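Chemist: here is my input, please return the structure:
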Amino acid sequence: AIPAHCWVKDSKRSMGFLALDVAVVGALAYGAFTLNAWWAWPLYWIAQGTMFWALFVVGHDCGHQSFSNNRHLNDLVGNVSHASILVPYHGWRVSHRKHHGNHGHVENDESWHPTTESQMNEMEPMGRLGRLKFPFPLFAFPFYLWARSPGKQGSHYDPNCDLFQPSEKRMVLTSDAFMLGMLGVLAACT
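Modeler: Predicted coordinates:
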């Protein structure tokens, strides 16, 4: 069983772990740019990709409101951590909530679209490879954010998408603004 203290939300402790993650991201970037050696870049990509996954998990925990007891802090940290890796926090949060509510349902699951055996048999070989063989499915995530799962219309970035309730429009626009801000930071760094 999970010890009881693991279920206690502690904003200071959560922020401390976030600060550690950000420090590691910064140290990896500093090290890679300082070395600037051909052999170091692939190692950097793997290490930094792992740390970007850590930032995704922070946003995930914020989306579940488990980072802190303060919803505003969760949403701020979720927006910042997800925008830093170019994931729209509120769009993803809402689709993830729907995923949990319909997990494994053939029509209603938001993030996993299972295929029938007949669909799989009709699929082109490259489609089958892309759907089932590691690491190709990992590349589908940006397309999923942009166009959702097969058979679903809209985008995680579009506040008018049927994925969202009218009351969620402002939150989606807020996440879009954070994303634009991050794109601006990246453009300024190039």
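Chemist: the lowest-mean-pLDDT helix or strand in the chain: how far from the chain's middle?
Modeler: The helix or strand of the chain with the lowest confidence, counting by mean pLDDT, DSSP states H and E, is helix 125-132 at a mean of 74. Taking Cα atoms, centre = their mean, to the nearest Å, one finds helix 125-132 lying 23 Å from the centre of the chain it belongs to.
Chemist: for the nearest residue to M179 once chain neighbours are set aside, grab phi and psi.
Modeler: Spatially, and ignoring its direct neighbours in sequence, M179 is nearest to A83 (5.3 Å; Cβ to Cβ, 6 or more residues apart in numbering). Just so you know, the C-beta spots here come from the backbone N, C-alpha and C atoms, and that holds for glycine as well. Backbone torsions of A83, given as degrees, to the nearest 10, read phi -60, psi -30.
Chemist: which residues are in contact with A83?
Modeler: 89, 175, 178-179, 181-182 (Cβ atoms under 8 Å, 6 or more residues apart in numbering).
Chemist: which helices and strands sit right next to the strand or helix carrying V58?
Modeler: In this assignment (DSSP states H and E), V58 forms part of helix 40-63. Contact here means 3 or more Cβ pairs under 8 Å, 6 or more residues apart in numbering; DSSP states H and E; on that basis helix 40-63 packs against helix 11-35, helix 71-83, helix 89-101.
Chemist: now the last one against helix 40-63, angle please.
Modeler: Read it as helix 89-101. 70 degrees (axes from the mean of the first three to the mean of the last three Cα atoms, to 10 degrees).
Chemist: equivalent analysis for the longest one, please.
Modeler: Orientation of helix 11-35 against helix 40-63 (the same axes, to 10 degrees) gives an angle of 160 degrees.
Chemist: quick one: buried residues of helix 11-35?
Modeler: 14, 18, 21-22, 25, 28, 32 (16 or more other Cβ atoms under 10 Å).
Chemist: burial count for the closest residue to R128 other than its chain neighbours?
Modeler: Leaving aside its chain neighbours, R128 sits nearest to M120 (6.7 Å; criterion: Cβ to Cβ, 6+ apart). Neighbour count for M120, taken as other Cβ atoms under 10 Å: 13.
Chemist: sorry, back to before: can you list the helices and strands packed on helix 40-63 in a markdown table and add distance to Q153 and mean pLDDT?
Modeler: Converted to a markdown table, the helices and strands packed on helix 40-63 look like this (distance: least, Cβ to Cβ, whole Å; pLDDT from 0 to 100):
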| stretch | distance to Q153 | mean pLDDT |
| --- | --- | --- |
| helix 11-35 | 35 | 97 |
| helix 71-83 | 23 | 98 |
| helix 89-101 | 13 | 90 |
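Chemist: would you list the ones you listed in CSV and tack on distance to E124?
Modeler: Below are the helices and strands packed on helix 40-63 laid out as CSV (distance: least, Cβ to Cβ, whole Å):
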stretch, distance to E124
helix 11-35, 38
helix 71-83, 33
helix 89-101, 27
